[in-house]
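**Q** with the input below, show me the fold.
(one chain, ligands or ions: 2)
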Amino acid sequence: MIELRHISKTYNRSSPNAVVALDDVSLVIPEKSFVVVVGSNGSGKSTLLNILAGTAKPDDGQIMINGKDITHVSDFERSKWIARIFQNPMMGTSPELSVLENFRLASLRMEKKKFRIGTGEAFRKLVKEKITMLGLGLESKLDQPMGTLSGGQRQALTLLMAVMPVHTGKEEAKILLMDEPTAALDPKTSALILELADKIIKEFNLTVIFVTHQLKDALRYGDRILSMEGGKVTRDLAYQSKIKLTIPELYGWFE
Ligand code: ADP
Ligand code: MG
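**A** Ligands and ions are numbered 1, 2, ... in the order given. Below is the predicted model:
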């Protein structure tokens, strides 16, 4: 379970450019939830994810995971159980390195003693097996430079790369943060990536926080929708798959 207790974050504090990005946000997110976060630009969605991932520090408040206070745990430590993907499919991969080498780098990120894993045939086999699971035929491209793949193919691999250390790690909490992961993709590729994400999420039993502007996707995949405005959570709706909101109803939130 993830728990945010009274989290606040102001950028450029005590300067004329101070921006309140999060204003006393408290949330409880049970394991295996699929939480969708919607809200206009600048409402604090990315800051919320950054604070969970540990790349931004809250000014006030606590973050608890399974009852343990992780507020001051580094982003590096957190990467054992928190995976994230971003809008840009090129982010976090090296175009000149092969697919397999990119996977090696990703897995090394969580290893304190570098080069302990990820050099042998066993690693190649594991990566190949997981890539095969995507069903995109990319397992034949293990030795191709990442830069030769399409944006969609790269985003699919980035997704897998992000969750693999979490999946193979021993920690119980397995969290995937997705910050507008399809915003840079065409509609067809976006749909494909989300289907893949959904498959991976189920296979790896992940708890998900997914930021999107696509209300359709929010309704299709989420089991709970949060809307944010001015650094606050202004709506929080958990719903069963049978009682779905309609898109006009959801648009109504933004009026
Ligand atoms: P969203 O993801 O909903 O668009 P953000 O969390 O990125 O919103 O931003 C919330 C507010 O904080 C915005 O006003 C944004 O300009 C500001 N902000 C975000 N990151 C920084 C930063 N690193 N430095 C200064 N201001 C920032
Ligand atoms: Mg954002």
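
**Q** what helix or strand is whichever residue of the chain sits closest to ligand 2 on?
**A** Of all residues in the chain, the one sitting closest to ligand 2 is Ser46 (3.2 Å; CB to the ion). (C-beta placed from N, C-alpha, C; glycine too.) Ser46 belongs to helix 45-53 when assigned by DSSP states H and E.

**Q** can you tell if that helix touches ligand 1?
**A** Yes: interface with ligand 1: helix 45-53 contributes 45-47 (CB under 6 Å from any ligand atom).

**Q** tell me the mean pLDDT over that helix?
**A** The average of the pLDDT scores along helix 45-53 is 96.

**Q** can I get it in CSV? Just the C-alpha atoms.
**A** Provided in CSV are the C-alpha atoms of helix 45-53 (Å, rounded to 0.1, in the frame of the first residue of the first chain):
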residue,chain,number,x,y,z
LYS,A,45,0.6,15.5,-11.8
SER,A,46,4.3,15.1,-12.7
THR,A,47,5.4,16.5,-9.4
LEU,A,48,3.3,13.9,-7.7
LEU,A,49,5.0,11.1,-9.6
ASN,A,50,8.5,12.7,-9.1
ILE,A,51,7.9,12.8,-5.3
LEU,A,52,6.9,9.1,-5.3
ALA,A,53,9.9,8.2,-7.4
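
**Q** run the chain-centre distance for that helix.
**A** 10 Å (CA atoms, centre = their mean, to the nearest Å).

**Q** repeat that for stretch 220-234.
**A** 15 Å.

**Q** distance between the ends of that stretch?
**A** With CA to CA, to the nearest Å as the measure, the ends of stretch 220-234 fall 21 Å from one another.

**Q** repeat that for stretch 29-42.
**A** With CA to CA as the measure, stretch 29-42 spans 23 Å from end to end.

**Q** quick one: is that stretch near ligand 2?
**A** No: Stretch 29-42 stays clear of ligand 2 (CB under 5 Å from the ion), getting no nearer than 7.1 Å.

**Q** near ligand 1 at all, that stretch?
**A** Yes: on the criterion CB under 6 Å from any ligand atom, stretch 29-42 is in touch with ligand 1 at 39, 41-42.

**Q** for these, which single residue is the most surrounded?
**A** Gly39 (23 neighbours; other CB atoms under 10 Å).
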